[in-house]
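Trainee: Fold the following, please.
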Amino acid sequence: MFYSGRKVLVTGGAGFIGTHLVRRLLNEGAVVRATLHQAPASVSDPRVQYVTGDLMDPGMCRGVCDGMDLVFLCAANTSGAAVMQNTPLVHLTPNLVMNAQMLEAAYAAGVQKLLFISSNTVYPVTDDPVKEDDVTNEFFEKYHIVAWMKRFTEIMCDMYTTRIGRPMPCVVVRPANSYGPHDKFDPAKSHVLPALIRKVVDRLDPLPVWGDAMDLKDFIYVDDLVEGMLLAMEKLDGTRPVNLASGQAYRLRDLLQTILRLDGYQDAHITYETSQPTMIPKRLIDPSLAKELLGFGAKTPIEEGLRRTIDWYRQSIGRPSGIAALG
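Mentor: The predicted structure follows:
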């Protein structure tokens, strides 16, 4: 009942996480406003007030925050590994400006609480599952710029929560690698799982995989991530960050084999392109604090999440066939 009747703003309402969050908030009875920039909305529902504009514009930020009770900052300039390695500055100025202006506008509008989606890039390189207090402000080299952007926004959130006379509570979550329907599948912006799914569904032959695919990562299905975000907004009042993760270690080679099996492409000729850009080879995440504070645990098994994602992608490009779509 926490969200019923509350006026909730979702920035990035056409994005991957924003789309799922908007749909879930409607189911919770919230009065939803969402921002759009260049992409059209994926949730077509008259109950959603969509506002189109650029969050680099302070006036846009002030306008969308007016009258809101809660704000979820889901808008971000994102990209895949190649962009992050070759032109990392694309993540710096736009995201910092948007985040700073949205915090300022939300505060001026008297918003009750704001949630910021940070990143597990803020953690140092380690073989152990990272906990929330493990931040040292030393990062995997290829993450340096995007990690500092996320980290500084975390610090800005703390300023609004603890460093001023009339505070605005800000909640910070650090997700694992999220995946699911409505993710970005285009080559320039897709992350590793949608990139692999696209190549499998498109039946690339040979099927190129960047790196050696021996990476170990934590993946969380988007519906589970949204559940954790809703619980964090409801139950947390400070900026102590909380990991939202499955707590499981998945090797990319194993997940690729699962995708191939689910989509019926088991005779694929795979080539590993070790000269292509890749990211941190090992990132394990400890989700125990979220369980303690929120009662949160990821519920969607990886195979089920992959099956749903493959099925959605096939339908989105007009190819509702294959084992995934039939199962």
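Trainee: mind listing the helices in the protein by residue range?
Mentor: 16-27, 58-65, 81-86, 93-108, 144-162, 192-201, 222-235, 252-262, 288-294, 302-316, 322-326 (DSSP state H).
Trainee: Val172 versus Ile285, what's the distance?
Mentor: From Ile285 across to Val172, the span is 15 Å (Cβ to Cβ, to the nearest Å). Any C-beta I mention is one placed from the backbone N, CA and C, and that applies to glycine too.
Trainee: Pull the contacting residues for the closest residue in space to Leu256 that isn't next to it in sequence.
Mentor: Excluding its sequence neighbours, the residue lying closest to Leu256 (Cβ to Cβ, 6 or more residues apart in numbering) is Leu196, at 5.5 Å. Contact analysis of Leu196 by Cβ atoms under 8 Å, 6 or more residues apart in numbering lists 209, 252, 255-256, 259.
Trainee: Closest one of those to Asp134?
Mentor: Proximity to Asp134 was ranked across the contacts of Leu196 by Cβ to Cβ; first place goes to Leu252, at 23.2 Å.
Trainee: sorry, back to before: can you put the helices of the chain in a markdown table and add mean pLDDT and distance to Phe72?
Mentor: What follows is the helices of the chain, written out as a markdown table (pLDDT from 0 to 100; distance: least, Cβ to Cβ, whole Å):
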| stretch | mean pLDDT | distance to Phe72 |
| --- | --- | --- |
| helix 16-27 | 98 | 6 |
| helix 58-65 | 98 | 12 |
| helix 81-86 | 57 | 24 |
| helix 93-108 | 97 | 10 |
| helix 144-162 | 96 | 13 |
| helix 192-201 | 96 | 22 |
| helix 222-235 | 98 | 7 |
| helix 252-262 | 97 | 28 |
| helix 288-294 | 98 | 16 |
| helix 302-316 | 97 | 22 |
| helix 322-326 | 49 | 30 |
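Trainee: For stretch 175-185, which outside residues touch it?
Mentor: Outside of stretch 175-185, the residues that reach it under the criterion Cβ under 8 Å, 6+ apart are 16-17, 19-20, 42, 78, 117, 119-120, 190-195, 197-198, 217-223, 225, 228, 243-246, 283, 285, 305-306, 308-309, 312-313, 316.
Trainee: Type out the ChimeraX command that picks the buried ones from these.
Mentor: For selection in ChimeraX, the members of the contacts of stretch 175-185 meeting the burial criterion (16 or more other Cβ atoms under 10 Å) are listed in this command:
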select :16,17,19,20,42,78,117,119,120,190,191,192,193,194,195,197,198,217,218,219,220,221,222,223,225,228,243,244,245,246,283,285,305,306,308,309,312,313
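Trainee: Measure how buried the closest residue to Thr136 other than its chain neighbours is and give me the count.
Mentor: The shortest distance from Thr136 to any non-neighbouring residue, by Cβ to Cβ, 6+ apart, is to Pro124 (4.9 Å). Other residues within reach of Pro124, judged by other Cβ atoms under 10 Å, total 14.
Trainee: quick one, what contacts Pro124?
Mentor: Contact analysis of Pro124 by Cβ under 8 Å, 6+ apart lists 130, 134-136, 138-140.
Trainee: Now, of those, which are buried?
Mentor: With neighbours counted using 16+ other Cβ under 10 Å, the contacts of Pro124 contain these buried positions: 130, 135, 139-140.
Trainee: Greatest separation within the residues you listed: which pair is it?
Mentor: Farthest apart among those - using Cβ to Cβ - are Val135 and Phe140, which lie 12.9 Å from each other.
Trainee: Okay then, goodbye and thanks.
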